[in-house]
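Undergrad: I would like the atomic coordinates for the input below:
(chains A, B, C and D)
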There are 2 protein chains.
Amino acid sequence: MLVAALALIDRKGVAGFSVRDLARDLGVYPTALYWHVPGRNALIAGAVALALGDLKPARRPTDWAAGVRALFRRYRKAVRVHPAIAPVLGAQLVSNESMPAELVEHMLMLLERAGFSGDQLRHAYNTLVAGMVGFVTLELAPLPDEDPEGWATAHRQRMQEVDARQCPTLAREMPHLARGAFVVRASSGVDQPLDQSFEFWTETVIQGLAAMRERSAP
Amino acid sequence: MLVAALALIDRKGVAGFSVRDLARDLGVYPTALYWHVPGRNALIAGAVALALGDLKPARRPTDWAAGVRALFRRYRKAVRVHPAIAPVLGAQLVSNESMPAELVEHMLMLLERAGFSGDQLRHAYNTLVAGMVGFVTLELAPLPDEDPEGWATAHRQRMQEVDARQCPTLAREMPHLARGAFVVRASSGVDQPLDQSFEFWTETVIQGLAAMRERSAP
DNA sequence: ACCTGAACACCGTTCAAGT
DNA sequence: ACCTGAACACCGTTCAAGT
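TA: Next up is the predicted model:
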């Protein structure tokens, strides 16, 4: 059932996902689903958990930085298979089944190995969660559901017309940025992956955490 | 109209926001709104843009790090006034009116001052956007819309029962983490702000960017 | 235990008609 | 130019009834 739900979300997006459509796919009356599941939200939550699957690593990482790098990559890879779930990742379900205790444990273990403890560990952990989820949510955010090509061409047009006096840097860097910069781009990360930016992001978080640890324990 | 829409979203959340309710608030037939606005999505987008308002700074920052710090704080402050918009910030609308060209220009300017150029500038810019949006989206993510207290107590219970053998670090650090750690916490950032973690996050991004610049231009 | 089937209280959006 | 009013094609969820 969750498999079918995830497949439907993949096709129609979370917003377009409906209990009645799912029931039709399963060859069942819509109300039959309510015997198995409390409601629509639970179906979405279950589908998300299914999509993320097991994010725990196959084997122990060599050091904490490598562990973070691997974790971020696994997370992004998993979401890329079902990009339609991106809109709800940071929104509603971070506090749910999508992040099982074992994953939390793994992140805490990495950060403890990095040298954090006490309240600093908590802050570093929050940083790590936000780091893992944040970039990917933005990268894979979908275009407006209706008339996406229309929106895309309109957006490209709008970006072409940026006032070079008011926004000189933006106007000058437009060729670079159009290739894949948030807000400026006219396509989602599904069609135009931001691989290099993602790697840059990952290293930024790792370097930042290393610097913060130095600072708190000199 | 957008003011009324934002007020309604504040009260009912984005998911609970309906065109018909808004029309009722305005003392008008639902279909009347369609003369002014293309549809529900446009109303939400407009309300978000209104909520974020002008994120440009009052005066030029002293240095790029101070500029980033101030920008992140302004963004968080703005969202905290209308936390109900958090779920859609990273999801659909980052590529919209919510981030006007002047804001993009400002971020590029800061990063250029930091010493980035070319493709590195683009990656640093994507990092800055994800950094600005990512943490706050997670921090202010709402509880499940129905029976939030029920969910909260159930979640607290669940966290209390974490297996200390399978998750030793999590079990040991639970007292710290319950005070405000993603996934572990049972309340949203609206009721339980993660001020210190946010500051930690901000500094992590700044330190990380500084380190990345060193690396690319040694 | 699991599903049907009817029913309830909603939706967003269209389009012709009014003023 | 701006709104009414009816209508269309949907929703999620309930609850009694079936098997």
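
Undergrad: for chain A, what are the low-confidence residue spans?
TA: A:93-96, A:217-218 (pLDDT under 70).

Undergrad: how about the residues of chain A near DNA strand C?
TA: Where chain A comes near DNA strand C, counting by CB under 7 Å from any atom of the strand, the residues are A:28-29, A:31-32, A:35-36. Backbone N, C-alpha and C define where each C-beta goes, glycine included.

Undergrad: and the two most separated of these?
TA: Taking CB to CB as the measure, the residues of chain A next to DNA strand C span a maximum distance of 12.5 Å, between A:Y29 and A:H36.

Undergrad: hang on, the earlier thing: inside helices: which ones of the residues of chain A next to DNA strand C?
TA: Per DSSP state H, helices hold the following members of the residues of chain A next to DNA strand C: A:35-36.

Undergrad: can I get the residues of chain A next to DNA strand C in JSON lines with neighbour count?
TA: Shown next, in JSON lines, are the residues of chain A next to DNA strand C (neighbours: other CB atoms under 10 Å in any protein chain shown):
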{"residue": "A:V28", "neighbour count": "12"}
{"residue": "A:Y29", "neighbour count": "11"}
{"residue": "A:T31", "neighbour count": "10"}
{"residue": "A:A32", "neighbour count": "11"}
{"residue": "A:W35", "neighbour count": "6"}
{"residue": "A:H36", "neighbour count": "10"}
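
Undergrad: pick the one among the residues of chain A next to DNA strand C closest to B:T62.
TA: Distance ranking of the residues of chain A next to DNA strand C against B:T62, using CB to CB, places A:H36 first at 59.2 Å.

Undergrad: quick check: closest non-adjacent residue to that closest one.
TA: Closest residue in space to A:H36, ignoring its immediate chain neighbours: A:M1 at 6.4 Å, by CB to CB, 6 or more residues apart in numbering or on different chains.

Undergrad: measure the residue lying farthest from the centre of chain A to B:A101 for me?
TA: Centroid-distance maximum for chain A: A:R165 at 35.3 Å, with CA atoms, centre = their mean. Using CB to CB, to the nearest Å, A:R165 is found at 12 Å from B:A101.

Undergrad: with A:G13 instead?
TA: Counting by CB to CB, the gap from A:G13 to B:A101 is 28 Å.

Undergrad: tell me the secondary structure at the residue of chain A found nearest chain B.
TA: Nearest residue of chain A to chain B, counting by CB to the nearest CB: A:G134, 2.3 Å away. Following DSSP: H, G, I helix; E, B strand; the rest coil, A:G134 is assigned to helix.

Undergrad: the one 10 residues further on now?
TA: Local secondary structure at A:P144 is given as coil here, using three-state DSSP.

Undergrad: number of residues surrounding it?
TA: A:P144 has 17 neighbours, counted by other CB atoms under 10 Å in any protein chain shown.

Undergrad: phi first, then psi, for it.
TA: The phi/psi pair for A:P144 (degrees, to the nearest 10) reads phi -50, psi 140.

Undergrad: my understanding was that it contacts B:N41; is that so?
TA: Yes - using CB atoms under 8 Å, A:P144 makes contact with B:N41 at a distance of 6.7 Å.

Undergrad: ok, and A:R156, which helix or strand is that part of?
TA: Using DSSP states H and E, A:R156 maps to helix A:148-160.

Undergrad: only alpha carbons, please: show the next helix or strand after that helix as CSV.
TA: Note on helix A:148-160: by DSSP H and E, the next helix or strand toward the C-terminus is helix A:168-178. Taking C-alpha atoms only, helix A:168-178 is exported to CSV below (Å, rounded to 0.1, in the frame of the first residue of the first chain):
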residue,chain,number,x,y,z
PRO,A,168,25.3,44.9,-11.4
THR,A,169,26.8,41.7,-9.9
LEU,A,170,23.7,39.6,-10.7
ALA,A,171,23.6,41.0,-14.3
ARG,A,172,27.3,40.4,-14.8
GLU,A,173,27.3,36.9,-13.4
MET,A,174,24.1,35.8,-15.1
PRO,A,175,25.8,33.4,-17.5
HIS,A,176,27.4,31.6,-14.6
LEU,A,177,24.3,31.7,-12.4
ALA,A,178,21.7,30.6,-15.1
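
Undergrad: can you give me the buried ones in the helix or strand just after helix A:168-178?
TA: Next in sequence after helix A:168-178, counting helices and strands by DSSP H and E, comes helix A:195-216. Neighbour counts using 16 or more other CB atoms under 10 Å in any protein chain shown place A:197-198, A:200-213 of helix A:195-216 among the buried residues.

Undergrad: likewise for stretch A:119-132?
TA: Buried residues in stretch A:119-132, counting neighbours by 16+ other CB under 10 Å, are found at A:120-132.

Undergrad: and for stretch A:33-46?
TA: Neighbour-count burial for stretch A:33-46 flags A:33, A:37, A:41-46 (criterion: 16+ other CB under 10 Å).

Undergrad: repeat that for stretch A:105-115.
TA: Residues A:105-112, A:114-115 are the ones in stretch A:105-115 that count as buried (16+ other CB under 10 Å).

Undergrad: same thing with stretch A:72-88?
TA: So, applying 16+ other CB under 10 Å, buried residues of stretch A:72-88: A:72, A:74-76, A:78-79, A:82-88.

Undergrad: before we move on, back to that, how much space separates the residue farthest from the centre of chain A from DNA strand C?
TA: 37 Å (CB to the nearest atom of the strand, to the nearest Å).

Undergrad: state the distance from that residue to B:E102.
TA: A:R165 is 12 Å from B:E102, by CB to CB.

Undergrad: and if you look at A:A47?
TA: For A:A47, the distance to B:E102 equals 39 Å [CB to CB].

Undergrad: who has more neighbours, these two?
TA: Shown here are A:A47 and B:E102; by other CB under 10 Å, A:A47 has more neighbours (28 against 16).

Undergrad: dump the residue contacts of that one.
TA: Neighbouring residues of A:A47 by CB atoms under 8 Å, 6 or more residues apart in numbering or on different chains: A:2, A:5-6, A:9, A:85.

Undergrad: what's the most distant pair in the residues you listed?
TA: Using CB to CB, the contacts of A:A47 span at most 12.2 Å, a distance reached by A:L2 and A:I85.

Undergrad: quick check, nearest of the buried residues of stretch A:105-115 to B:A154?
TA: A:E105 (20.4 Å).
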